[in-house]
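Colleague: structure for the following, please:
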Amino acid sequence: MNGKIKELSSADSDAMVKHLLRLDPEARRYRFCAVTKDEYIRQYVKTLDWGRQIVLGYINEGVVRGMAEIGWRQWTFPRTGDLGISLESPWRRRGIGSELLGQVCVLARERFVNEISADCLSENRHALALLGKAGFRFKYNGPLLTANLNLGWPSQSGAETTNMQPAQS
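Modeller: This next block holds a predicted model:
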């Protein structure tokens, strides 16, 4: 992995849009579970609620090439979050998706999100493998399935309480 993973903010919105627009048609359909037009992606990024959203980006040579996002619906406890992951094809199968997933889960748990879910097309075998390796449980609903992972709660000692671990530098 030649790039770095960093937390993105609203200041990175243009870079996020450019990344999502660079996804090939299949990757874009897998990320959003639907065929999406460019304007949908621009609106999606524009309307992110940064108070309830964690977005990590994989940056290679100054360009966002992958993202992992977790957004939660409410401020009350327990919090549940929705996961989205995207990675441009030249950067797939290098462990970057696993790193993004692990780090975004750790950050979500630190913000008291104790369970995350991801909707996924059942034909998306790469996502199924990634989520299965991370310990997600699957519930099939025809061509769409939901994957869930209990993150647990952050411990006072800082010790991790789930199998998702932050990347080692």
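Colleague: now the strands for the chain?
Modeller: Under the criterion DSSP state E, strands of the chain are mapped to 4-7, 53-60, 63-72, 79-87, 113-121, 137-141, 144-150.
Colleague: buried residues, the shortest one. List them.
Modeller: Same thing as strand 4-7. Residues Ile5 are the ones in strand 4-7 that count as buried (16 or more other Cβ atoms under 10 Å). Every residue, glycine included, has its C-beta placed from N, CA and C.
Colleague: any residues touching that strand, and which ones?
Modeller: Applying Cβ atoms under 8 Å, 6 or more residues apart in numbering, the set of residues contacting strand 4-7 from outside is Ile54, Val55, Leu56, Gly57, Tyr58, Ile59, Glu99, Leu100, Gln103, Leu107, Ala167.
Colleague: what about the fifth one, how many residues nearby?
Modeller: What it means is Tyr58. Counted by other Cβ atoms under 10 Å, the residues lying close to Tyr58 total 26.
Colleague: partners of it in the sheet?
Modeller: Note on Tyr58: beta-bridge partners by DSSP bridges are Ile5, Gly66.
Colleague: any idea how far Gly142 is from the spatially most central residue of the chain?
Modeller: When the chain is reduced to its mean C-alpha position, the nearest residue by Cα atoms, centre = their mean turns out to be Ala68, at 2.7 Å. Remark: distance between Ala68 and Gly142 (Cβ to Cβ, to the nearest Å) = 26 Å.
Colleague: report all helices and strands that the helix ranked longest in the chain contacts.
Modeller: Ranked by residue count under DSSP state H, the longest helix found in the chain is helix 96-110. For helix 96-110, the packing partners by 3 or more Cβ pairs under 8 Å, 6 or more residues apart in numbering; DSSP states H and E come out as strand 4-7, strand 53-60, strand 63-72, strand 79-87, helix 125-133.
Colleague: state the distance from Leu48 to Pro25.
Modeller: Per Cβ to Cβ, Leu48 is found 23 Å from Pro25.
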